[in-house]
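> sequence and predicted structure are below.
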Amino acid sequence: MSRPDGWVEDEAARAEALKRVIAVVNEKGGVGKTSITGNLAGQAASAGYRVLVVDLNRQANLAQDLGYRHKPEVDDEGAELLTAIMTGQPMTPMKDIRPNLDVIPGGTQLENLTGVMLTRIQNYGETAFLSLAKVLAPTAADYDLVIIDCPPENTILDDLALGAARWVLIPTKSDDGGVEGMRLVAQRFVKARKINPSIGLLGVVLFATGTTSTQIHAQVREKVAAAFGGQSPMFQTLIRHSERVAVDSRKGRLAHELEQAAKDQPQWWQALREGKRIERVSPTAASVSSDYQALAVEVLSVLATAEQEATV
């Protein structure tokens with residue numbers, strides 16, 4: 001069966017360009033995909049890595065977390081991503097959303113992407129799921145890390161991300177819904193290897209949990225091991241739960257930025273004495289920020305180790 005016009009036939013070159021692409025995916029919503037994508041990208045960018053985020057979600061909550069929602073010079077609501085996949089042309093990211101951090105936004109324009117992919121699948125079969133890989137590869141080569149924020153309950157777009165990813169990172173909560181969503185991703189992971197044999201599992205991250213819930217953590221680890229053939233690929237880092245930080249993050253600041261804001265804000269009694277009304281930032285942002293920093297270190301270490309082993 002023929003491939004789309006302009007298809008990159010050199011699969012080795014494409015794999016090299018995409019070797020630092022991570023798809024953050026779980027078929028269940030509300031398990032921390034967007035929060036982990038934004039904060040992992042922000043931590044890596046603040047450490048000097050050149051980072052690109054691709055938002056495949058029509059809800060585009062990443063735009064809220066990074067603060068560019070409804071800014072027309074940045075937020076095209078997925079138009080660039082949709083056009084690139086339809087035309088086969090490389091994507092042009094929105095630059096410097098943060099220092100070292102660029103974004104290809106998602107949004108309502110992606111409502112049409114599922115239909116585009118259905119037509120592609122009819123015409124080209126499973127190779128259609130390499131459409132994102134094709135248009136992302138020329139751009140990805142300019143970055144140290146590319147992270148794809150995947151939508152919930154949209155297997156076609158998830159498979160599109162898996163076709164472009166070298167690595168898969170799966171967030172989950174401890175509830176049965178999150179673990180079931182993770183198990184479904186494990187099944188799609190096997191399918192994705194047919195068209196993208198280089199894809200690998202980076203790990204599973206337990207999101208919005210308590211540090212003292214050790215028995216629950218052990219139970220989740222067992223379920224993760226069962227989903228992945230007896231070996232538990234869970235990261236050591238856990239992302240702690242903080243309702244206040246979750247709410248504040250949707251106002252355009254990442255956890256480490258909230259941590260700094262908490263340090264910079266005046267003492268409550270000082271503001272009261274001066275008659276100032278300020279929206280205070282919770283000091284719990286520091287603990288959540290430290291979790292994301294630890295996760296970034298762990299992810300980058302796993303990547304470096306895997307790449308070193310591949311060259312031996």
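Done, it's in. Residues are numbered from 1 along each chain as shown.

> going by C-alpha atoms from here, please, whenever you check contacts or count neighbours.
Fine.

> so which elements touch the helix or strand containing Ala310?
Counting by DSSP states H and E, the element that carries Ala310 is helix 285-311. Counting contacts by 3 or more Cα pairs under 8 Å, 6 or more residues apart in numbering; DSSP states H and E, helix 285-311 packs against helix 33-46, strand 200-209, strand 234-240, helix 255-264.

> count the residues that sit near Glu309.
9 (other Cα atoms under 10 Å).

> and it, how far is that from Lys173?
Computed as Cα to Cα, to the nearest Å, the Glu309 to Lys173 distance reads 31 Å.

> next one: Leu201
Leu201 is 18 Å from Lys173, by Cα to Cα.

> look at those two and report which has more neighbours.
The neighbour comparison of Leu201 against Lys173 (other Cα under 10 Å) goes to Lys173, with 22 against 16.

> enumerate every residue touching that one.
Val31, Val179, Leu206, Phe207, Ala208, Thr209 (Cα atoms under 8 Å, 6 or more residues apart in numbering).

> and it, what pLDDT?
Looking at Lys173, its pLDDT reads 91.

> distance check, it against Pro283.
Noted for Lys173: a distance of 23 Å to Pro283, by Cα to Cα.

> now do Asp102
28 Å.

> Lys19 now?
Where Pro283 is concerned, Lys19 sits at a distance of 37 Å (Cα to Cα).

> and Gln89, by the same measure?
Distance from Gln89 to Pro283, by Cα to Cα: 45 Å.

> list the contacts of the closest residue to Asp291 other than its chain neighbours.
Of all residues not flanking Asp291 in the chain, Ile239 sits nearest, at 5.5 Å (Cα to Cα, 6 or more residues apart in numbering). Neighbouring residues of Ile239 by Cα under 8 Å, 6+ apart: Val205, Leu206, Phe207, Ala208, Thr209, Val288, Asp291, Tyr292.

> which residues does Ile239 form beta bridges with?
Phe207 (DSSP bridges).

> same for the helix or strand in which Gln187 is found, what does it pack against?
Using DSSP H and E, Gln187 maps to helix 176-192. Helices and strands touching helix 176-192, as assessed by 3+ Cα pairs under 8 Å, 6+ apart, comprise helix 155-164, strand 167-172, helix 214-227.

> TSV for those, including mean neighbour count?
Below are the helices and strands packed on helix 176-192 laid out as TSV (neighbours: other Cα atoms under 10 Å):
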stretch	mean neighbour count
helix 155-164	25
strand 167-172	27
helix 214-227	16
